[in-house]
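> what follows is a protein structure lacking sequence information:
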């Protein structure tokens, strides 16, 4: 497993170095990332729990370490994080199930399966 604290520091340093090369890209990311915070429809903890579920879904280790830290800082418990991740697992399994119908449809339309 990773040393998540060290990895989070490496991500921060790497993004900082990249920001020097492409400041507008990082500025755009910061704008997008913060946009939802301005509405206050969801509290910070809820946003971080959603971020963790999405991080797992898109398999982003950098997102996992940053948003785990932020979730804890915003009061998320281990149990709340586990529940949010359970949603990610369910959606991942559901998406896989839905996409199986696409494979079966492609199979059904393949010229060699036409009868």
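Looks like it came in fine. Values in this document were obtained by computation on a predicted structure and should not be read as measured data. Residues are numbered from 1 along each chain as shown.
> okay, CA-based contacts and neighbour counts for the rest of this
OK.
> which residues of this protein fall in helices?
Counting by DSSP state H, the chain has these helices, from start to end: 4-21, 23-35, 44-58, 61-73, 78-109.
> now those helices in a markdown table, with mean pLDDT and distance to residue 115?
Shown next, in a markdown table, are the helices of the chain (pLDDT from 0 to 100; distance: least, Cα to Cα, whole Å):
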| stretch | mean pLDDT | distance to residue 115 |
| --- | --- | --- |
| helix 4-21 | 96 | 55 |
| helix 23-35 | 93 | 51 |
| helix 44-58 | 96 | 39 |
| helix 61-73 | 97 | 47 |
| helix 78-109 | 95 | 10 |
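> now these in a markdown table, with mean neighbour count?
Shown next, in a markdown table, are those (neighbours: other Cα atoms under 10 Å):
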| stretch | mean neighbour count |
| --- | --- |
| helix 4-21 | 13 |
| helix 23-35 | 12 |
| helix 44-58 | 20 |
| helix 61-73 | 19 |
| helix 78-109 | 13 |
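> give me the pLDDT value at residue 114.
For residue 114, the pLDDT comes out at 86.
> next one: the closest residue to it other than its chain neighbours relative to residue 102, how far apart?
Nearest non-adjacent residue to residue 114, counting by Cα to Cα, 6 or more residues apart in numbering: residue 108, 7.1 Å away. Applying Cα to Cα, to the nearest Å, the value for residue 108 to residue 102 is 10 Å.
> ok, now residue 4?
For residue 4, the distance to residue 102 (Cα to Cα) stands at 37 Å.
> who are the neighbours in contact with the residue nearest to residue 66 when sequence neighbours are not counted?
In space, and not counting its chain neighbours, residue 66 is closest to residue 8: 6.2 Å by Cα to Cα, 6+ apart. Each residue near residue 8 by Cα atoms under 8 Å, 6 or more residues apart in numbering is listed here: 62, 65-66.
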